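In: Can you look at this prediction? I've put the sequence above it.
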Amino acid sequence: MNKILNFLGLCMRAGKIVSGEQGVEIAIKSKKAHLVIVASDASANTLKKFKNSCEYYNVPIIIISDKITLGNAVGKDNRAVMAIIDSGFAKKISELSSIDN
């Protein structure tokens, strides 16, 4: 888990993360999102919304950590949802999440 969080910080510094519901929704619909990350303590409505959207647009989704930890990892306040907009970073995070699970 720590490796993923550290990698999210690197992605943020590289400018390859979009966070917040509206930004992530736009990234998914414009096919810029390569991976969507949702906090485990996000509301049921948020989780359902992004699961459905990711399924429709064929974007992988992972559910990890909590809003506070995700926000801290990227140097922001609480973050319930974020999208990785770089295929290389998305692939690495997917690999790390499958190792953790």
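Out: Looks like it came in fine.
In: Burial check on the residue nearest to Val24 when sequence neighbours are not counted, number of neighbours?
Out: Nearest residue to Val24, sequence neighbours excluded (C-beta to C-beta, 6 or more residues apart in numbering): Ala83, at 4.4 Å. For every residue, glycine as well, the C-beta is placed using N, CA and C. If you count neighbours by other C-beta atoms under 10 Å, Ala83 ends up with 26.
In: and the residue nearest the centre of the chain, helix, strand or coil?
Out: By C-alpha atoms, centre = their mean, the chain has its centre lying nearest to Ile37, at 2.3 Å. Here Ile37 is recorded as strand under DSSP: H, G, I helix; E, B strand; the rest coil.
In: what bridges to it?
Out: Ile62, Met82 (DSSP bridges).
In: any idea how far Ile93 is from Asp77?
Out: Ile93 sits 21 Å away from Asp77, taking C-beta to C-beta, to the nearest Å as the criterion.
In: oh sorry, the question was meant for Met1
Out: Remark: distance between Met1 and Asp77 (C-beta to C-beta) = 20 Å.
In: Which parts of this structure are helices?
Out: Listed in chain order, the helices of the chain (DSSP state H) span 2-13, 21-29, 44-57, 67-73, 87-100.
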